[in-house]
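# Based on what follows, work out the 3D shape:
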Amino acid sequence: MSFPDRVYTTAEHQKAREMLISGHKHTLKISGSPDFEQKINQIIALLKTAEYFDFFTRYIREIAEIDGLTQLRETEVAIWANKFAVENPVDAASLFVQKASVMKEYLEGELYYGGAAEKRSIEKRLEFLRVLKEKSIDQEVREECEHLLLMWRDSSLAY
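Coordinates of the predicted model:
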């Protein structure tokens with residue numbers, strides 16, 4: 001059995017869920033310019049450092065460069081990202097973990113949008129940043145994690 005080409009219908013959702021239960025992980029496909037692919041490889045290295053790569057490839061099968069807005073394409077099990085979204089690899093890795101978290105909820109049939117779902121996906125992003133900060137031996141990566149965590153904390157105080 002292979003993972004569905006798209007996940008839109010009830011039958012496709014069921015097949016995708018069965019694949020996930022059986023432990024399916026995607027072979028990540030990257031499409032874009034050489035610069036984009038280089039940034040994605042840096043992001044993948046960060047995902048691996050934090051031990052989130054398996055989580056990521058369980059729920060995302062493709063990252064494609066686009067000229068438009070960065071977005072999760074649930075039915076395609078893909079992230080469409082523009083060159084600006086991947087400029088900061090640490091921030092992009094955390095964004096990709098957030099998108100994978102949303103994809104997880106979509107594939108599991110949970111409510112994956114709205115205030116509570118957004119809060120859960122952001123918490124997964126922050127959890128990734130905390131883990132990456134702890135596991136990375138690269139001082140610049142650790143400092144960027146701390147910087148991003150402070151920005152998220154400060155923005156949460158505004159509400």
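# Quick one: mean pLDDT for the longest helix seen in the chain?
Longest helix of the chain, by residue count under DSSP state H: helix 115-135. The average pLDDT for helix 115-135 rounds to 96.
# Check what contacts that helix and list those residues.
Helix 115-135 has contacts (Cβ atoms under 8 Å, 6 or more residues apart in numbering) with 46, 49-52, 90, 93-95, 97-102, 105, 110-111, 141-142, 145-146, 148-149, 152. Where you see a C-beta, it was placed from the backbone N, CA and C, and this is true even at glycine.
# Would you write a PyMOL line that selects the buried entries of those residues?
PyMOL command restricting the contacts of helix 115-135 to the buried ones, with burial defined by 16 or more other Cβ atoms under 10 Å:
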select buried, resi 46+49+50+52+90+93+94+95+97+98+99+100+101+102+105+141+142+145+148
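# just checking, which of the contacts of helix 115-135 belong to helices?
46, 49, 90, 93-95, 97-102, 105, 141-142, 145-146, 148-149, 152.
# coming back round to it: and the longest helix of the chain, what's buried?
Result for helix 115-135 [16+ other Cβ under 10 Å]: buried residues 117, 120-121, 124-126, 128-129, 131-133, 135.
# pLDDT below threshold where in this structure?
Within the chain, the segments meeting pLDDT under 70 span 156-159.
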